[in-house]
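**Student:** I'll drop the sequence and a predicted model, then ask my questions.
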Amino acid sequence: MLSRDLLRNESDRARALLASRGFDVTALDQWLSLDAERRSGLVEVEDLKRRRNESSKAIGKIKREGGDASAQIAEVGELKGQIETLTSRLEEVETELMQTELGFPNVPDASVPEGEDEAANREERRVGEPRSFDFQPQAHWDLGPELGILDFERGAKLAGARFTVYSGMGARLERALINFMLDLHTGEHGYTELLPPFIVNRDALEGTGQLPKFEEDLFRVEPKGLYLIPTAEVPVTNLHREEILDEEALPLRYTAFTPCFRAEAGSHGKDVRGLIRQHQFNKVELVQVTTPEQSFDALEQLTGHAEKVLQMLELPYRVMTLSTGDMGFSAAKTYDLEVWLPGQDAYREISSCSNCTDFQARRAKIRYRPKGGKPQLAHTLNGSGLAVGRTLIAILENYQQADGSVEIPEALRPYLGGLSKIEPKG
RNA sequence: GGAGGGAUGGCUGAGCGGCCGAAAGCGACGGUCUUGAAAACCGUUGACCAUUAACGUGGUCCGUGGGUUCGAAUCCCACUCCCUCCGCCA
């Protein structure tokens, strides 16, 4: 959610910022008229309540003194009716106002390039040289089955398209990557490891911005109407929902490995081959809760923490700042890390690091208390550190050898019992 | 799944249907004292909304949602969560 102050008192600026994201700003006009109606209604109903409270107190006093309070009782009865009708109207307005508000995306930071889509994204830097091959590099959807470590067909048999079975060294490599990333973030970057629920309620998803707008992207779990998490960002960011944190405790840094579940509605025909776009995938997530002063520095740091994984695995990548039109709903600024995939001759997203400023904190009521001051909204950040399946892909494609084997990056070998190479089966 | 107990401010914990936004303690903050700190003592200390140039003023909130009543933290109903015991279970 955006601050009502911004919407109300700087509505022209809000309009321009929302428009830059491709958002239909007629909703803002609707919001403004609802807000005005709410406020004038509040003044009216609060005055009626004041009169009712005064009369009620008078009744108590008269009765204690043994007097006759029937005049006051009649007055209260009349006020009550007026309050009821006004209140029910106000509740309608409030509900509509909320619904409108929950539909507004975050506003972009001034440093974000303006543009309609990914074409306007700004490349910040490239790290690492793409390796030159003296043979035609294969894509992971060929390498994986040939090595006997990825089984797309049996994944489809078990659950349908976009599900994959990891087998043997594939499963082992995925597990090694998870441990490697968690150890790095907890050991070197100061994050606390969490193992949260993989199923959450609506409140949590509303807190981080997936609901109410993006319900069709989620898997719903029937008996209780809960949802499978689309990212660990949801349970981890909501950890401190409706809490007032001590300022000294900030910044909070959490890392969590979880599987992620996405319905991928509307992405038919996109990335249908291989492991790029799955209904279920593993991710190690980074989340920070900071003060407003800290959050943009924290975004640089957090992005650096995710980059460190790629650097240690010696995978070439580039850093992109997403444009206003390409950013996610809750983000004020986002860096995407794109890893080089030689099998596809392209950079592909492997991490997305965002500063959500106070947007999620306002929805989830995550606050902190400055020393001796009033509670304030915190800022929240999240980033993948990294998407594990895509990291595995990157290793297969970048470290493949002419004989069909795949070398293991040095940094990962301790996690694989010292193994240096995955050989084709047979 | 069955039986019982509970949910009050940052925390612990009182609270005859009106005088309760709520005792007390802890914590936090400010002050006295001290070279400084601790201790002691004094004082301040919930959140949200509206309104006001401001000082303020008003409204709402005692798990959530309904109900009874002129009036509810207090009475009634439903739900959620937590605890104890029994059953079942990885």
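**Tutor:** Arrived safely.
**Student:** Residue A:6 - how many residues pack around it?
**Tutor:** When neighbours are counted by other C-beta atoms under 10 Å, residue A:6 registers 14. Placement of C-beta: from N, CA and C, glycine included.
**Student:** give the contact list for the closest residue to it other than its chain neighbours.
**Tutor:** Nearest residue to residue A:6, sequence neighbours excluded (C-beta to C-beta, 6 or more residues apart in numbering): residue A:14, at 5.3 Å. By C-beta atoms under 8 Å, 6 or more residues apart in numbering, the residues touching residue A:14 are A:2, A:6, A:7, A:28, A:107.
**Student:** Can you name the helix or strand that residue A:14 falls in?
**Tutor:** For residue A:14, the host element (DSSP states H and E) is helix A:11-20.
**Student:** what's the nearest residue to residue A:100 if we skip its chain neighbours?
**Tutor:** Per C-beta to C-beta, 6+ apart, closest to residue A:100 is residue A:31, 4.7 Å.
**Student:** Going by distance to RNA strand B, which of the contacts of residue A:14 wins?
**Tutor:** Among the contacts of residue A:14, residue A:7 lies closest to RNA strand B (C-beta to the nearest atom of the strand), at 10.6 Å.
**Student:** does the closest one count as helix, strand or coil?
**Tutor:** Using DSSP: H, G, I helix; E, B strand; the rest coil, the structure places residue A:7 in helix.
**Student:** That one is in contact with residue A:30, isn't it?
**Tutor:** No - using C-beta atoms under 8 Å, residue A:7 is not in contact with residue A:30; the gap is 11.2 Å.
**Student:** If you tally nearby residues, what's the number for whichever residue of the stretch 151-300 of chain A sits closest to RNA strand B?
**Tutor:** Nearest to RNA strand B in the stretch 151-300 of chain A, going by C-beta to the nearest atom of the strand, is residue A:244, at a distance of 5.3 Å. Look at residue A:244: counted by other C-beta under 10 Å, it has 13 neighbours.
**Student:** which residues does it bridge with?
**Tutor:** residue A:367 (DSSP bridges).
**Student:** Enumerate every residue touching it.
**Tutor:** Going by C-beta under 8 Å, 6+ apart, residue A:244 touches A:367, A:368, A:369, A:375.
**Student:** quick one: which of these has the most company?
**Tutor:** For these, the largest number of neighbours (other C-beta under 10 Å) sits with residue A:368, at 25 neighbours.
**Student:** Help me confirm that residue A:308 comes into contact with residue A:187.
**Tutor:** No - the pair residue A:308 and residue A:187 does not pass the contact test of C-beta under 8 Å, sitting 11.4 Å apart.
**Student:** So the two - more neighbours on which side?
**Tutor:** Under the criterion of other C-beta under 10 Å, the comparison of residue A:308 against residue A:187 puts residue A:308 first, with 16 against 9.
**Student:** what separates that one from RNA strand B, distance-wise?
**Tutor:** To RNA strand B, residue A:308 is 35 Å away according to C-beta to the nearest atom of the strand, to the nearest Å.
**Student:** Show me how far the lengthiest helix in chain A is from its chain's centre.
**Tutor:** Ranked by residue count, the top helix of chain A under DSSP state H comes out as helix A:26-64. Offset of helix A:26-64 from its chain centre (C-alpha atoms, centre = their mean, to the nearest Å): 37 Å.
**Student:** Show me the helices in the stretch 201-350 of chain A, by range?
**Tutor:** Here the stretch 201-350 of chain A has its helices, by DSSP state H, counting those that start in this stretch, at A:202-208, A:233-237, A:295-312.
**Student:** For the second one, buried residues please.
**Tutor:** Residues of helix A:233-237 classed as buried by neighbour count (16 or more other C-beta atoms under 10 Å): A:233, A:234, A:235, A:236, A:237.
**Student:** who touches the second one in this structure?
**Tutor:** Right, the one you point to is residue A:234. Going by C-beta under 8 Å, 6+ apart, residue A:234 touches A:200, A:204, A:205, A:207, A:208, A:210.
**Student:** Reformat those residues as JSON lines; add pLDDT and distance to RNA strand B.
**Tutor:** Formatted as JSON lines, the contacts of residue A:234 follow (pLDDT from 0 to 100; distance: C-beta to the nearest atom of the strand, whole Å):
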{"residue": "A:200", "pLDDT": "92", "distance to RNA strand B": "13"}
{"residue": "A:204", "pLDDT": "91", "distance to RNA strand B": "13"}
{"residue": "A:205", "pLDDT": "93", "distance to RNA strand B": "16"}
{"residue": "A:207", "pLDDT": "92", "distance to RNA strand B": "16"}
{"residue": "A:208", "pLDDT": "94", "distance to RNA strand B": "20"}
{"residue": "A:210", "pLDDT": "93", "distance to RNA strand B": "21"}
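**Student:** could I get the residues you listed as a markdown table with distance to residue A:155 and neighbour count?
**Tutor:** Output for the contacts of residue A:234, formatted as a markdown table (distance: C-beta to C-beta, whole Å; neighbours: other C-beta atoms under 10 Å):
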| residue | distance to residue A:155 | neighbour count |
| --- | --- | --- |
| A:200 | 25 | 22 |
| A:204 | 28 | 24 |
| A:205 | 26 | 22 |
| A:207 | 32 | 25 |
| A:208 | 28 | 28 |
| A:210 | 25 | 24 |
